[in-house]
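Visitor: Sharing a model prediction with you, sequence too.
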Amino acid sequence: MAFGIDRAELNAWKAAVSRGETAFLTHYWYDPRFPQFRTVTKVGNADCERLAKWCRDNGLNPKYIHARSMFPHFDLLGAKQKEILIKEKLFLHLERFGLNQE
């Protein structure tokens, strides 16, 4: 379940993904499989080959791309999430969700 974003943010992410852009959406999140994490960053791109290349370029296994929807994405969690947000200069994501304090 996603928390802490509004419909406009979600729609902007979906539009960017649909255009074949690599787009980032960070939100609060709870999944009982991963109780140690409270946020996730979804890195999406409708061009699955481009998304797979992005994963490989960032040391991530494209096998874990969620490609079963209209909005293919890779979920970033924990230390890798923070590392990528810094690399992509998405400092507002870090600040907004308190990731710069972890």
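Guide: Cool, got the structure. Residues are numbered from 1 along each chain as shown.
Visitor: how about the residue positioned nearest the centre of the chain, what does it touch?
Guide: Central residue of the chain (CA atoms, centre = their mean): Lys42, 1.9 Å from the mean position. Shown in contact with Lys42 (CB atoms under 8 Å, 6 or more residues apart in numbering): 13, 24-27, 73-76. For the C-beta atoms, the positions are set from N, CA and C on the backbone; glycine is no exception.
Visitor: Let me know the closest of the residues you listed to Arg56.
Guide: Among the contacts of Lys42, Phe74 lies closest to Arg56 (CB to CB), at 11.0 Å.
Visitor: How about the secondary structure of Trp54?
Guide: helix (DSSP: H, G, I helix; E, B strand; the rest coil).
Visitor: Determine which two of the contacts of Lys42 are furthest apart.
Guide: Across the contacts of Lys42, the longest distance by CB to CB is 14.8 Å; it joins His27 and Phe74.
Visitor: Same drill for the two, tell me which one is more crowded.
Guide: Phe74 (23 against 19; other CB atoms under 10 Å).
Visitor: Excluding residues flanking it in the chain, which one is nearest the more buried one?
Guide: Val43 (4.8 Å; CB to CB, 6 or more residues apart in numbering).
Visitor: isn't there a helix covering that neighbour?
Guide: No: under three-state DSSP, Val43 falls outside any helix and is assigned strand.
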